[in-house]
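Peer 1: Build the 3D model from these lines:
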Amino acid sequence: MKKKQEITTWLESERSAIAKGDLVVLFEDECHLLWGDVCGYGWGKTSERLEIPMTNERRKQTYYGVVNLQSQECLIQPYDKGNSQTTIAFLDYLQTHYPKTRIVLLWDGASYHRSQEIQQYLATVNEGLTQEQWRITCIRFAPNAPQQNPIEDIWLQAKRFLREYYQLCTSFNIVKYLFEFVTHQQVFVFPKLFTYGCFS
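Peer 2: Numbering: from 1, shown residues only. Below is the predicted model of the structure:
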């Protein structure tokens, strides 16, 4: 609760810059889709070991995503996995998407968000600038508090959509397409987006 209040107070102090478009505030998180989990059961004599040959061709897709505090627009990008290199690639994507705007990322404390590579990247991006001018500023949510991050509700809504329309999900490519269709560049309006105040 204390961290949430700190974030709210900080956002309020930046209200003018947010309203003018000089500063964009983004709630960031990663989401993972899995395909091909093997589930099953079998019957056999309790005195004999039963072996069943199988292959587990499980596939995974990681998405980095943000939701804009002011516009409520969601942006996502697919990557093979979540790590420092893909985090840097996503930060580069955000700078391309918001070329003339300072970016504030509110995110969790994932190890790759705190890595030495990320610290070096941010130092390079912000080199020669005062803290108020930083191109990218990162603020962490409280530990183990996904309820503080509004994009978690977008992931939940997208996965609920996939469950409701499971009959369309005949391949992993279709699953990924549908996930991207219902999230990327979509505008979301739900109460958690206004947890930190109304900035739209």
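
Peer 1: Pull out the buried positions in the host helix or strand of Gln119.
Peer 2: Per DSSP states H and E: Gln119 is located in helix 116-125. Buried residues in helix 116-125, counted by 16 or more other Cβ atoms under 10 Å: Ile118, Tyr121, Leu122, Val125. The way it works is simple: take the backbone N, C-alpha and C, and place the C-beta from them, glycine included.

Peer 1: cool, stretch 22-42 as well?
Peer 2: Buried-residue list, stretch 22-42, by 16+ other Cβ under 10 Å: Leu23, Val24, Val25, Leu26, Phe27, Glu28, Asp29, Glu30, Cys31, Leu33.

Peer 1: What of stretch 137-150?
Peer 2: Thr137, Cys138, Arg140, Phe141, Ala142, Gln148, Asn149, Pro150.

Peer 1: Could you dump those into a markdown table with pLDDT added?
Peer 2: Formatted as a markdown table, the buried residues of stretch 137-150 follow (pLDDT from 0 to 100):
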| residue | pLDDT |
| --- | --- |
| Thr137 | 96 |
| Cys138 | 96 |
| Arg140 | 93 |
| Phe141 | 90 |
| Ala142 | 87 |
| Gln148 | 89 |
| Asn149 | 93 |
| Pro150 | 93 |
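
Peer 1: Which ones among these map onto strands?
Peer 2: Thr137, Cys138, Arg140 (DSSP state E).

Peer 1: What number of residues are in the vicinity of the residue nearest to the first one when sequence neighbours are not counted?
Peer 2: Read that as Thr137. Of all residues not flanking Thr137 in the chain, Val104 sits nearest, at 4.7 Å (Cβ to Cβ, 6 or more residues apart in numbering). Number of residues near Val104 (other Cβ atoms under 10 Å) recorded here: 22.

Peer 1: which residues of this protein fall in strands?
Peer 2: So, for the chain - with DSSP E - the strands run 23-35, 59-68, 74-79, 102-107, 136-140.

Peer 1: How many residues are close by Glu12?
Peer 2: Glu12 has 12 neighbouring residues, counting by other Cβ under 10 Å.

Peer 1: same thing with Asp153?
Peer 2: Counted with other Cβ under 10 Å, Asp153 comes out at 18.

Peer 1: gap between the closest residue to it other than its chain neighbours and Asp92?
Peer 2: Nearest non-adjacent residue to Asp153, counting by Cβ to Cβ, 6+ apart: Lys192, 5.3 Å away. Lys192 is 28 Å from Asp92, where distance means Cβ to Cβ, to the nearest Å.

Peer 1: Cool, thanks, talk later.
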